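S.K.: Fold the following, please.
(4 chains)
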Number of protein chains: 2
Amino acid sequence: MTFAKFKKLAMISMEDICREIFNENPDSIRIKKEHLVVKNLMTIFNATIKLSNAKGFHAMSLRDLGRESGLSLGCLYNYFASKEELLTIIQDQGRRIVARLLDQSVDSAMHPKDKLEAVIRTHLYLSEVMQPWFFFSFMETRYFKKREYEKSIAGELKTEQRIIDILEAGRAQQVFNIDQPMLTASVTKAMLQDWYLKRWKFRRQKITVENYADFVIQFVDSAIM
Amino acid sequence: MTFAKFKKLAMISMEDICREIFNENPDSIRIKKEHLVVKNLMTIFNATIKLSNAKGFHAMSLRDLGRESGLSLGCLYNYFASKEELLTIIQDQGRRIVARLLDQSVDSAMHPKDKLEAVIRTHLYLSEVMQPWFFFSFMETRYFKKREYEKSIAGELKTEQRIIDILEAGRAQQVFNIDQPMLTASVTKAMLQDWYLKRWKFRRQKITVENYADFVIQFVDSAIM
DNA sequence: GTCTATACAACGATAGAC
DNA sequence: GTCTATCGTTGTATAGAC
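M.R.: Sure, this is the predicted structure:
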């Protein structure tokens, strides 16, 4: 799939999931009109991630958030019960869309080499479309309270396990030549992470997400074939 | 070099650099007895990094730091002029020791393949000995004010340039087969970073720093030879 | 050198007017 | 539904006792 096509798919998923959140949290969200909630929630999420990525979630005050989102401090509290909970729903939304799109992509390929390419390419495209969320998630996870922390780590390990499974299947079919599938998956994931962690570097060097995807796929292939 | 031997070397450098900091900052450090300053500075640095890595530098209050280091809030201000400055001297100390030990190691190898192995192994050993500092530096850099931010980025690019130079020299001597030295260096660095960013994962899998170094060296070699 | 006490600003959260 | 006003708490930093 090209990146352009992927982008449209992801955007639709985001609004959908915002609507799901509204329906699942009738206790915290005190506003009743759906169109208003979806619109303001999207604004609040984007503003939160923007400010958090600039100064950190903890350092972002709700007064800052009010200014950035155009809502008053008091009004914000109609959309979430506490600053802590705001974080939880942002994390839930992001994890849900990542899992959904990654599953779709990997399942559509059959052979290990294609599956490996699919997981690498899709993860990179995902982290390009949702770079602010990926960055936010990576940087803030360590501050999460136990429950939220564990969900975040579990999501990460699940992604890694997906790669391990593909590598082991490929080894069993004698497509890949690998001694240590876990470490191989680990360094592959490190390369994927670098795309959203060091975006300034790749921008500066004018590397597109498609360039980078091609390179990583070729690099991993030459190491394990 | 084995990790055990490397560790001793690094420890000596740390105290040395603490002494250098004392001599270079007579304005901020109001205490005059060297042995006291070196002792308390080391305590303050370690406590700062420990607390910051747990809750973030910004969220760490100086009351917390006083409790952790065993000094009163007022007393801390005899060792640095502001919280901001505390961060600066910690960064300076870390960067200095990294640059010193990395230079030593890379310069002692002659052939590109040995140099590549040296930079990978030394960086991993360094980030094992100084894991808290590396983690701190990676996580906090984005909050630094302009001057400090630029120094941090420059240090990072310098490390990456070291790898690029080795790869290009190896390509010129037809030892390595590489299309894109910059991207190759970039993903190599991503693998090095993962060692100090995801330590919990490697601990859980009982991977030692020597295991990981051997693996990364072999993985990169198979991709570029 | 190290302590306690305190000044002043900014935080998350809530109540009640509009 | 959104606003302003305000509560109690906690932050950095300093002054002056010991």
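
S.K.: which bits of chain A sit near DNA strand C?
M.R.: Counting by CB under 7 Å from any atom of the strand, the residues of chain A lying close to DNA strand C are A:60, A:61, A:62, A:63, A:64, A:73, A:74, A:77, A:81, A:82, A:83, A:84. (Glycine included, C-beta is placed from N, CA and C.)

S.K.: Which of those residues fall within helices?
M.R.: When DSSP state H defines the helices, the subset of the residues of chain A next to DNA strand C inside them is A:62, A:63, A:64, A:73, A:74, A:83, A:84.

S.K.: Drop anything exposed from those.
M.R.: A:62, A:64, A:83 (16 or more other CB atoms under 10 Å in any protein chain shown).

S.K.: ok, the nearest residue to the second one once chain neighbours are set aside - contacts?
M.R.: Among residues not flanking residue A:64 along the chain, residue A:51 sits closest, at 5.6 Å (CB to CB, 6 or more residues apart in numbering or on different chains). If a contact means CB atoms under 8 Å, 6 or more residues apart in numbering or on different chains, then residue A:51 has A:60, A:64, A:65, A:68 as its contacts.

S.K.: Spell out which helix or strand contains residue A:51, please.
M.R.: Here residue A:51 sits within helix A:34-55, counting by DSSP states H and E.

S.K.: what about the residue nearest to residue A:64, distance to residue A:57?
M.R.: 8 Å (CB to CB, to the nearest Å).

S.K.: wait, does stretch A:174-183 make contact with chain B?
M.R.: Yes: under the criterion of CB under 8 Å from any CB of the partner chain, chain B is reached by stretch A:174-183 at A:180, A:182, A:183.

S.K.: which one of those residues is nearest residue B:34?
M.R.: Residue B:34 has its nearest neighbour among those in residue A:183, at 45.7 Å by CB to CB.

S.K.: ok, the closest residue to the closest one other than its chain neighbours - contacts?
M.R.: Nearest residue to residue A:183, sequence neighbours excluded (CB to CB, 6+ apart): residue B:215, at 4.9 Å. The neighbourhood of residue B:215, defined by CB under 8 Å, 6+ apart, consists of A:180, A:183, A:187.

S.K.: Same check on residue A:195?
M.R.: Here residue A:195 is in contact with A:124, A:127, A:128, A:202, A:209, A:212 (CB under 8 Å, 6+ apart).

S.K.: about what we covered before: send the alpha carbons of the helix holding residue A:51 over as CSV?
M.R.: In CSV, the C-alpha atoms belonging to helix A:34-55 read as follows (Å, rounded to 0.1, in the frame of the first residue of the first chain):
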residue,chain,number,x,y,z
GLU,A,34,-22.7,14.0,20.0
HIS,A,35,-21.5,16.3,17.3
LEU,A,36,-20.3,18.8,19.9
VAL,A,37,-18.5,16.1,21.9
VAL,A,38,-16.7,14.6,18.9
LYS,A,39,-15.6,18.1,17.7
ASN,A,40,-14.4,19.3,21.1
LEU,A,41,-12.8,15.9,22.1
MET,A,42,-10.7,15.9,18.9
THR,A,43,-9.7,19.5,19.6
ILE,A,44,-8.8,18.7,23.2
PHE,A,45,-6.9,15.6,22.3
ASN,A,46,-4.8,17.3,19.6
ALA,A,47,-4.2,20.3,21.9
THR,A,48,-3.1,18.0,24.8
ILE,A,49,-0.7,16.0,22.6
LYS,A,50,0.7,19.2,21.1
LEU,A,51,1.3,20.9,24.4
SER,A,52,2.6,17.7,26.1
ASN,A,53,5.1,17.0,23.3
ALA,A,54,6.4,20.6,23.7
LYS,A,55,6.6,20.7,27.5
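
S.K.: residues of it that come out buried?
M.R.: A:37, A:38, A:40, A:41, A:44, A:45, A:47, A:48, A:49, A:51, A:52, A:53.

S.K.: Turn those residues into CSV, columns for distance to residue B:142.
M.R.: Formatted as CSV, these follow (distance: CB to CB, whole Å):
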residue, distance to residue B:142
A:37, 32
A:38, 31
A:40, 28
A:41, 26
A:44, 22
A:45, 20
A:47, 18
A:48, 16
A:49, 14
A:51, 13
A:52, 11
A:53, 8
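
S.K.: Which of the residues you listed sits closest to DNA strand D?
M.R.: residue A:40 (6.1 Å; CB to the nearest atom of the strand).

S.K.: The residue lying closest to that closest one once chain neighbours are set aside: how many residues sit nearby?
M.R.: Nearest non-adjacent residue to residue A:40, counting by CB to CB, 6+ apart: residue A:79, 6.2 Å away. Burial measure for residue A:79: 24 neighbouring residues, criterion other CB atoms under 10 Å in any protein chain shown.

S.K.: Next: the one 10 residues further on.
M.R.: When neighbours are defined as other CB under 10 Å, residue A:89 has 22 of them.

S.K.: Check which helices and strands the worst-scoring helix or strand of chain A on mean pLDDT sits against.
M.R.: In chain A, the helix or strand scored least confidently by mean pLDDT, DSSP states H and E is helix A:3-24, which has a mean of 87. The contact analysis (3 or more CB pairs under 8 Å, 6 or more residues apart in numbering or on different chains; DSSP states H and E) places helix A:3-24 against helix A:34-55, helix A:83-108, helix A:112-129.
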